[in-house]
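*Asks:* Quick one: sequence plus predicted model below, questions after.
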Amino acid sequence: MIMESPLDPAYARYRKVVPAGEYWIHVLRQGETLRILDLEGNQAADTLFFNADDPAEHYSAPDTIREQGNLYLTTGTVLMSDLCRPMLTIAADTVGRHDTLGGACATESNTVRYALEKKCMHACRDSFVLAVIDNDQYGLTKRDIAHNINFFMNVPVTPDGGLDFADGLSAPGKYVELVAEMNVIALISNCPQLNNPCNAYNPTPVEVLIWGAGP
């Protein structure tokens, strides 16, 4: 569901542009709001969430899909953990649909989906692994990399039950906004994928903004 946010970027306590192919990791405190802004349109922001107080608890696609009764994420969706506890709620969304089925691109999936010579190309799983190695203060390892959300990515389910990596639904200036229901580690890989049309074969930057809890 399309819904604009009342929050003014001028009052955000934190702003950072994340170039295509790079990662971003940050702790959100309960009640804080995170906006992921698609600066140039049709970029895919692969995102993981962990309980900041116990990183073994993480975002769960199956629990989220089951509890909301919908394959796609949008305004009103409550993102559930693998312990079936609310982690974040999507409070605003100007795109209308986000994917949580397609997973993160990896060197292995590049090979399977595209061609053997694509294996050496950078992928989101590489960014996730690099992030946890570079930031050991969060208590994460590569074994903690689990289900992710592909914000701004369009992956419709086909009539025969397959997945179609289709043209994106986003555009410059579109965003999704989430309110933390617990202390959360947010980890974004701003996707470097060059082999499918989700980003028009042209990875671009996103911006992240954070507002503090309360009015």
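*Replies:* That came through fine.
*Asks:* does the most centrally placed residue in the chain count as helix, strand or coil?
*Replies:* Centroid-nearest residue in the chain: Thr47, 2.8 Å away (criterion: C-alpha atoms, centre = their mean). Taken by DSSP: H, G, I helix; E, B strand; the rest coil, the conformation at Thr47 corresponds to strand.
*Asks:* Which residues does it form beta bridges with?
*Replies:* Taking DSSP bridges as the rule, Thr47 bridges to Ile149, Ile188.
*Asks:* measure it to Phe151 for me?
*Replies:* Separation of Thr47 from Phe151 (C-beta to C-beta, to the nearest Å): 6 Å. All C-beta atoms are positioned from the backbone trio N, CA, C, and that covers glycine.
*Asks:* Please identify every residue contacting each of these two.
*Replies:* Common neighbours of Thr47 and Phe151, using C-beta atoms under 8 Å, 6 or more residues apart in numbering, are Ile36.
*Asks:* hmm, back to that, could you report the separation of the residue nearest to the centre of the chain from Leu169?
*Replies:* From Thr47 to Leu169 the distance is 17 Å (C-beta to C-beta).
*Asks:* In a helix, Thr64, correct?
*Replies:* Yes. Secondary structure assignment places Thr64 in a helix (three-state DSSP).
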